[in-house]
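Trainee: No sequence on hand, only this structure:
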């Protein structure tokens, strides 16, 4: 499993942004907040390729960025 900082760096690279220490920290915080809100089960689904998931009474979508 990757740590939050590595995930943040990978996301910045996917977005074609220069991964500076400040941006990596900012993204790591955003990822942590997202995980706190959506819980690990939703994150696991997204990481395994599920593009549609339920969050409460809402249906959310996730599109992979390559």
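Mentor: Sure, I can see it. Owing to the predicted nature of the structure, the values given are computational and were not obtained by experimental measurement.
Trainee: going forward, measure contacts between C-alpha atoms and count neighbours the same way
Mentor: Will do.
Trainee: three-state assignment of residue 17?
Mentor: coil (DSSP: H, G, I helix; E, B strand; the rest coil).
Trainee: Mind pulling up the pLDDT for it?
Mentor: Residue 17 is assigned 92 on the pLDDT scale.
Trainee: What count of nearby residues applies to it?
Mentor: Residue 17: 11 surrounding residues under other C-alpha atoms under 10 Å.
Trainee: how much space between residue 40 and residue 32?
Mentor: In this view, residue 40 and residue 32 are 11 Å apart by C-alpha to C-alpha, to the nearest Å.
Trainee: Kindly report the same for residue 8.
Mentor: Counting by C-alpha to C-alpha, the gap from residue 8 to residue 32 is 10 Å.
Trainee: Those two: which is more packed in?
Mentor: A count of neighbours by other C-alpha under 10 Å puts residue 8 above the other of residue 8 and residue 32, at 23 against 14.
Trainee: could you list every residue that touches the more buried one?
Mentor: 24-25, 27-28, 31 (C-alpha atoms under 8 Å, 6 or more residues apart in numbering).
Trainee: could you redo the last one with a cut-off of 7 Å?
Mentor: Listed by C-alpha atoms under 7 Å, 6 or more residues apart in numbering, the contact partners of residue 8 are 24, 27-28.
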